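K.L.:
Could you work out the structure for the sequence below:
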Amino acid sequence: QVQLVESGGGLVQAGGSLRLSCAASGSTFSINRKGWYRQAPGKQRELVAHVSSDGTTNYADSVKGRFTISRDNAKNTVYLQMNSLKPEDTAVYYCNVKTDVMGRRGDYWGQGTQVTVSS
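P.N.:
Predicted coordinates:
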């Protein structure tokens, strides 16, 4: 089992920045991918970015060049630095980790943190 605690959401004006944090605890040794998803009202949850255990990153086209995902393995924490925010980035952002223990896969979610970008 993995527990995730997110922080860092809030209200920001367009063009501003925010940094989200997600601290993992529990069976963190089993994590092989950490990422961020978001869900806007009336829309499906979508991938924002993820980083694999080998350091490979992947970003949604809509955030490339503006958002950066990073991790601090010593702190079991993953970050999402969001710059040049746009009103369309407004959503609830969820931290996600995927685990693999001898082929048994797991999928864990944070509680979500609201990001609101005003125009």
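
K.L.:
tell me the residue furthest from the middle of the protein?
P.N.:
residue 102 (25.1 Å; C-alpha atoms, centre = their mean).

K.L.:
if I look at that residue, how far off is residue 4?
P.N.:
From residue 102 across to residue 4, the span is 22 Å (C-beta to C-beta, to the nearest Å). Where you see a C-beta, it was placed from the backbone N, CA and C, and this is true even at glycine.

K.L.:
Next up, phi/psi of the residue farthest from the centre of the chain, please.
P.N.:
phi 50, psi 50 (degrees, to the nearest 10).

K.L.:
Also residue 40?
P.N.:
According to degrees, to the nearest 10, residue 40 has phi -90, psi 160.

K.L.:
From residue 52, how far out is the closest residue to it other than its chain neighbours?
P.N.:
Excluding its sequence neighbours, the residue lying closest to residue 40 (C-beta to C-beta, 6 or more residues apart in numbering) is residue 91, at 4.2 Å. Separation of residue 91 from residue 52 (C-beta to C-beta): 23 Å.

K.L.:
and these two? which has more neighbours close in?
P.N.:
Remark: of residue 91 and residue 52, residue 91 carries more neighbours, 22 against 13, as counted by other C-beta atoms under 10 Å.
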